[in-house]
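> coordinates for the following, if possible.
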Amino acid sequence: MQSTVNAIGVNRERFLDELMELLRIPSVSADSKYSSDVRKAAAFIEQKLKEAGADKTEICSTQGHPVVYGEKIINPSLPVILVYGHYDVQPPDPLELWSSPPFEPVIRDEKIYARGACDDKGQIYAHIKAFELMMKHGELPCNVKFLIEGEEEVGSSNLGDFVRANRQKLSADIILISDTAIIANDIPSVTVGLRGLSYVEVEVTGPNRDLHSGVFGGAVANPINALCEMIASLKDKHSRITIPGFYDDVCELIPEERKAMAEAPFNTGAYKQELGIRDVRGEDGYTTPERASIRPTLDVNGIWGGYTGEGSKTVLPSKAFAKISMRLVPDQSSDKITSLFKKHFESIAPPGVTVQVRAHHGGNPVVTPSTSLAFMAAGMAMEKTFGKKPIPSRSGGSIPIVALFEKELGLKSVLMGFGLDTDDFHSPNEHFGVFNYLKAIETIPWFYFYFSELQKKDKHPGVSA
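Numbers count the residues shown, from 1 in each chain. Predicted coordinates:
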């Protein structure tokens, strides 16, 4: 692997320039006006896989945005690593909060600022560049397949059908994903758990049209007021979610597991300062890291209704809306929680309004094994490049496809990410450290090497890894 690693410095500027080119493509999967840009990003990825040395590349159509597939099979008897990632990005709004335009990437203070820089273009492109270097220097130790989708940010709604229709094509020994974070640049970590997700939109309707708030105010239910009251009732004074049955299936961590989590360094003061908040808040009885990883949540992601333009308009609105997400933990089911939410939210509607709940997308929580060969390989690779053994950590985010991969392909995933929780993914001024991008390119080849060696040793116990 040493020739591959040595070549990173020589190619540094080119690797950065190519990532910047990808980041200029506004591949927002949630907004149809960007559909041509999503396809453009898919074409870019496919071309770069081909240039890197993939024998077979293709852009595969789905009912939504396309999937990019590529492979390099050097010897059918060798292990196969299936690399998963996504080239679509979150909407950039609100644009006025960006220090520089979201699709005009810039490097400031050794950080790449652009929408998608960390989530997930920077991380998946690091895989393509690592593969390119291994191919160029003849150091690819196993077979590799790439599955890079364009709908992760909208729930991977069509990827399940694609996976089920292509089980043989996607057959592998392990799935490698870099769409998560490390604790800090001097504290590497490998993610061993992800929360699930239930995402819904609610609509509250009062009168059949907008009304004059002076003539009708006080006599007719205001949907915005009603919606706010209903949302406020979804948590009690201890920040516990009040939906009946919500916690029934929650898998509680034993004290030893919570103690192990607490070994990861965390500074509450620095956390508050970084976020510009006066204090932390969350479910009683749990620390901030626990609240953000091993406990379920309910949050309003957007709320609107009535008049929000410039100046004033004294209107009593006909409708009010909100988007609500619930992060789930083992052993909660996304479908079950969505059903419980719908039933409860409809039941608490006050007189004078009607309620409609629409499910958007979701996914089940996962815990990946920390005793697998792949996890061991990830730990060895990170220790090799970061100089210290990584800490197992649980992420508060969700990657719904991980549970689907296990169900449909029978494959476990190893979550070896290189971002930081402070990289503002999904927020204005998203960024990805130049250090992190290059460190990913350096570490990925070592994962290939150690995984291949461990697989060889597992199949032939007399062989040393």
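
> is the closest residue in space to residue 148 that isn't next to it in sequence bridged to anything, and to what?
For residue 148, ignoring the flanking residues on the chain, the nearest one in space by CB to CB, 6 or more residues apart in numbering is residue 68 at 4.4 Å. (Each C-beta comes from the backbone N, C-alpha and C, glycine too.) Assessed by DSSP bridges, residue 68 has beta-bridge partners residue 59, residue 148.

> quick one: pLDDT of residue 68?
Model confidence at residue 68, given as pLDDT, is 98.

> numbering from 57 from now on, please.
That works, and once the first residue is 57, the last one we named lands at residue 124.

> the helices in this protein, which residues?
Along the chain, the stretches classed as helices by DSSP state H are 58-66, 68-79, 91-108, 178-192, 215-221, 269-272, 279-288, 311-317, 324-331, 344-347, 390-403, 429-442, 457-465, 490-515.

> single out the most deeply packed of the ones you listed.
helix 178-192 (a mean of 24; mean count of other CB atoms under 10 Å).

> that helix: how far from the chain's middle?
20 Å (CA atoms, centre = their mean, to the nearest Å).

> follow-up on the earlier one: for burial, what's the neighbour tally of the residue nearest to residue 204?
Neighbours of residue 124 under the rule other CB atoms under 10 Å: 26.

> got it, and residue 233?
Residues near residue 233, counting by other CB under 10 Å, number 26.

> what does stretch 474-487 rub up against?
Residues outside stretch 474-487 that contact it (CB atoms under 8 Å, 6 or more residues apart in numbering) are 146, 148, 150-151, 153-155, 158, 167-175, 178-179, 182, 234, 236-238, 240-241, 330, 488-489, 492-493, 495-496, 499.

> just stretch 123-134 next, same as before
Outside stretch 123-134, the residues within contact range by CB under 8 Å, 6+ apart are 98, 101-102, 105-106, 109-116, 136, 143, 187, 191, 196-206, 215, 218, 225, 508.

> tell me the spacing between residue 346 and residue 339.
Separation of residue 346 from residue 339 (CB to CB, to the nearest Å): 9 Å.

> so residue 244 sits right up against residue 448, yeah?
No. In this structure, residue 244 is not within contact of residue 448 by CB atoms under 8 Å, at 10.9 Å.

> what about those two, which has more around it?
The neighbour comparison of residue 244 against residue 448 (other CB under 10 Å) goes to residue 244, with 25 against 17.

> quick one, what contacts that one?
By CB under 8 Å, 6+ apart, the contact set of residue 244 is 238, 438-439, 442, 444-447.

> now the residues you listed in TSV, with pLDDT and distance to residue 359?
Shown next, in TSV, are these (pLDDT from 0 to 100; distance: CB to CB, whole Å):
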residue	pLDDT	distance to residue 359
238	96	33
438	98	41
439	98	46
442	98	42
444	95	44
445	94	44
446	95	39
447	91	37
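
> tell me the one of these nearest residue 309?
Nearest to residue 309, judged by CB to CB, of the contacts of residue 244 is residue 447 at 15.9 Å.

> how about the contacts made by that closest one?
By CB under 8 Å, 6+ apart, the neighbours of residue 447 are 239, 243-246, 319-320.

> that older thread, now the helices of the chain as JSON lines including distance to residue 129?
Below are the helices of the chain laid out as JSON lines (distance: least, CB to CB, whole Å):
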{"stretch": "helix 58-66", "distance to residue 129": "19"}
{"stretch": "helix 68-79", "distance to residue 129": "25"}
{"stretch": "helix 91-108", "distance to residue 129": "14"}
{"stretch": "helix 178-192", "distance to residue 129": "13"}
{"stretch": "helix 215-221", "distance to residue 129": "19"}
{"stretch": "helix 269-272", "distance to residue 129": "68"}
{"stretch": "helix 279-288", "distance to residue 129": "52"}
{"stretch": "helix 311-317", "distance to residue 129": "39"}
{"stretch": "helix 324-331", "distance to residue 129": "45"}
{"stretch": "helix 344-347", "distance to residue 129": "42"}
{"stretch": "helix 390-403", "distance to residue 129": "35"}
{"stretch": "helix 429-442", "distance to residue 129": "19"}
{"stretch": "helix 457-465", "distance to residue 129": "17"}
{"stretch": "helix 490-515", "distance to residue 129": "14"}
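
> out of those helices, which gets nearest to residue 297?
That would be, of the helices of the chain and by CB to CB, helix 390-403, which comes in at 9.4 Å.

> same for that closest one, what does it pack against?
Applying 3 or more CB pairs under 8 Å, 6 or more residues apart in numbering; DSSP states H and E, we find helix 390-403 packed against strand 252-261, strand 375-384, strand 410-419.

> bridged to the residue lying closest to residue 453 once chain neighbours are set aside, which residues?
Leaving aside its chain neighbours, residue 453 sits nearest to residue 250 (6.3 Å; criterion: CB to CB, 6+ apart). Bridge pairing for residue 250 (DSSP bridges) gives the partners residue 422, residue 451.
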